[in-house]
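[1] take a look and give me a structure for this.
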Amino acid sequence: MRRLSIIGVEDGRQPISNEDGKVCVVFNGEIYNYLDLRKTLEEAGHSFRTHSDTECIVHLYEEYGVDCLEKLRGMFAFALVDQREESLFIARDRLGIKPLHFSLRDGNLYFASEIKALLEILRPGRNDLNLDAVDAFFAYNYIPAPLTIFRSIHKLEPGHFLLCRQGKMEKHRYWDVRFRPQHGRSMDSFAEEFQERFEETVRIHLMSEVPLGAFLSGGTDSSSVVSFMSRNLEHPVNTFTMHFGGDTGDYFDERGYARAVANLYRCRYNEYRVDPGIEDIISGIVESFDEPFADDSVIPTFRICDLAKSQVTVALTGLGGDELFGGYDRYAGFLLTGMNPLRTFRGASRILGGLAQWIPEPAGGERVSKVKRFLNAQGLPAAECYRSLITSIPEENRRSLYSKDTSQQISFQCARDLGVLHFNGADAEDPLDRAFYQDLKMYLPDDLLALNDRIGMHHSLELRVPFVDHEIVEFAASIPREMKVGLTGRKIILRHAMRGILPPEILSHRKQGFASPLTSWIRSGLNQYVKETLSPQRIRRAGILNEESVMRLIDRHMDRKENNYKIIFSLLMFQKWTDRYLS
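    Predicted coordinates:
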């Protein structure tokens, strides 16, 4: 157990046991309602030896067994041994804010927060490489649970626990979100409840015995977090904002909006720049994740964590607001596909999809690629349509990306199934609510929250996500879809709720996202680095990719014939991972 001390700094060393030492726990995360739990447990006769939130878990387990999970509010992954029952109880929080990996070998169960810890014991080699996970990585830019890059190592899904006793291991789901829209309520009623709930959620996320601050992008989500932090802190919020140097193409600079929020709430405003020379960041990302990961928002996140750590140990972020309230372009696109009369004419849809491939790509940005994904999705059943919108590299393009031997070993159905698994399993009637559910179950935990945790922990910085509090998630699931996404806009209810709290320009400007201007950087400052890392010799040595296909993608991007920055970044991160783990 390696601990970043936030609560119970002086006496919270782990493992922590109950009074007689028969129940013992190791824990990663924060329990935000631990003071209320502690009071209730003390009234029930339990004795506490520390001031740590960790100790609540052992006493709560004594009272409720595995049902103790229902009482916890926070982010957590823990393992608890009960010597009386001769059992091991391993659990992960409801939304997957904290990671948990496990492996079964020779009748033994191994578990850890990070894959690298398991690699020390299991020593998986090239033969353990999961090629289906490789294909899922190129499909989505990350590897969805329960897969990892190794066949012998698995991710425990969010909202699940493992119970091991009498030589058997059982996996159970203990929480899920159900969409039950309250159509009879007014927009003002939902807005008022959101303000009350979110202020309380942000307040409990401020508990800390160490300095804390916030990441501020200038968007609605992070600005909302900062506004409620300011209401509940006696000192100015310490905020951190990123911008980019070098050739940024048409990348939109949001610093003006971040400054406006910081000035309004009299925050301590810290501004930093990321330049194209990101070779050190890429090496740090590979070290942090232990498996390929290629969401390019990891670049500014890595740098802002590196710089914020000098001033704070905890930082709140606005992550999760888009998934709850419909902030992405793909939600509006998915809504439009359901309204499009061409949806019923498959032949016309195929023609549109074919014509889309001839639309020229601009020098920067993603607008044309989004249009292409939208046109390609026409005429598909709802689940497949949404999968098409969230797929970074279509299957037909991925097939040509691999060497012949690799392609023959991949079950392409695996990535297909992952892209519709949660959509089809959602307890929701509205197709867009099903899309939200798919993202809450896959994109949010396996991309955004994984990024937050790995990069934050790499810098010994805890990143907290008040939008991903399970009570906020359940509340959002009660809001009708038309109050989130419509033909007139996105995040409708959130913008309505924050009127009068945030400046109008914050609520009205287009979403940029916490990404990076890689389109331009790859053609300029990173040009040589890309060509060296993805040289034919290195591709051939790894033996997984088709070197000719890789060279063609790079050349067409450099010649401005296509905008291939997403796939090039994926290739770059995959090659750096293979250099480290398979060479």
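
[2] for T578, which residues are in contact?
    Neighbouring residues of T578 by C-beta atoms under 8 Å, 6 or more residues apart in numbering: A542, I544. Quick note: C-beta positions are derived from backbone N, CA and C, even for glycine.

[3] mind listing what's buried in the strand or helix carrying S222?
    Remark: S222 resides in helix 220-232, with elements defined by DSSP states H and E. Within helix 220-232, the residues that qualify as buried are T220, D221, S222, S223, S224, V225, V226, S227, F228, M229, S230, counting by 16 or more other C-beta atoms under 10 Å.

[4] the helix or strand that it is followed by vs helix 220-232, what angle?
    As assigned by DSSP H and E, the chain's next helix or strand after helix 220-232 is strand 238-244. Angle of strand 238-244 versus helix 220-232, following axes from the mean of the first three to the mean of the last three C-alpha atoms, to 10 degrees, is 160 degrees.

[5] quick one: strands adjacent to strand 238-244?
    strand 212-215 (parallel), strand 268-274 (parallel) (DSSP bridges).

[6] who's in contact with it?
    Under C-beta under 8 Å, 6+ apart, the answer for strand 238-244 is 211-218, 226, 251, 253, 255, 258-259, 261-262, 267-275, 300, 303-304, 307-308, 311-312, 315, 514, 516-517.

[7] if we go to 7 Å?
    213-217, 226, 251, 253, 255, 258, 262, 267-274, 300, 303-304, 307-308, 311-312, 315, 516-517 (C-beta atoms under 7 Å, 6 or more residues apart in numbering).

[8] so where's the protein uncertain?
    3-12, 246-252, 339-375, 510-516 (pLDDT under 70).

[9] find the centremost residue of it, please.
    Nearest to the mean C-alpha position of the chain, by C-alpha atoms, centre = their mean, lies L448 at 1.6 Å.

[10] and that one, helix, strand or coil?
    helix (DSSP: H, G, I helix; E, B strand; the rest coil).

[11] from now on call the first residue 322
    That works, and once the first residue is 322, the last one we named lands at L769.

[12] hmm, G642 and it touching each other?
    No. Judged on C-beta atoms under 7 Å, L769 makes no contact with G642 at a distance of 10.9 Å.

[13] just to revisit the earlier point, nearest approach to L477 belongs to which of the strands paired with strand 559-565?
    strand 533-536 (27.2 Å; C-beta to C-beta).

[14] residues contacting that closest one, please?
    With C-beta under 7 Å, 6+ apart as the test, strand 533-536 has contacts from 527, 543, 546-547, 550, 558-561, 625, 629, 632-633, 635-638.

[15] can you give me the strands for the stretch 772-904 of the chain?
    783-785 (DSSP state E, counting those that start in this stretch).

[16] and the helices in it?
    791-797, 813-818, 825-829, 839-844, 848-854, 857-863, 868-879, 886-902 (DSSP state H, counting those that start in this stretch).

[17] go on, the stretch 322-471 of the chain?
    Using DSSP H, counting those that start in this stretch, the helices of the stretch 322-471 of the chain run over 355-364, 375-385, 436-443, 452-461.

[18] what helices or strands is the last one leaning on?
    Going back to what we said before, that points to helix 452-461. helix 716-722, helix 733-739 (3 or more C-beta pairs under 7 Å, 6 or more residues apart in numbering; DSSP states H and E).

[19] what's the following helix or strand after it?
    Reading on from helix 452-461 to the C-terminus, the next helix or strand found by DSSP H and E is strand 475-476.

[20] coming back round to it: out of the helices of the stretch 322-471 of the chain, deepest packed?
    Most buried of these by mean neighbour count (mean count of other C-beta atoms under 10 Å) is helix 452-461; its value is a mean of 24.

[21] returning to that earlier point: dump the helices of the stretch 772-904 of the chain to CSV, plus distance to L452.
    Shown next, in CSV, are the helices of the stretch 772-904 of the chain (distance: least, C-beta to C-beta, whole Å):
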stretch, distance to L452
helix 791-797, 34
helix 813-818, 41
helix 825-829, 45
helix 839-844, 26
helix 848-854, 21
helix 857-863, 12
helix 868-879, 17
helix 886-902, 12
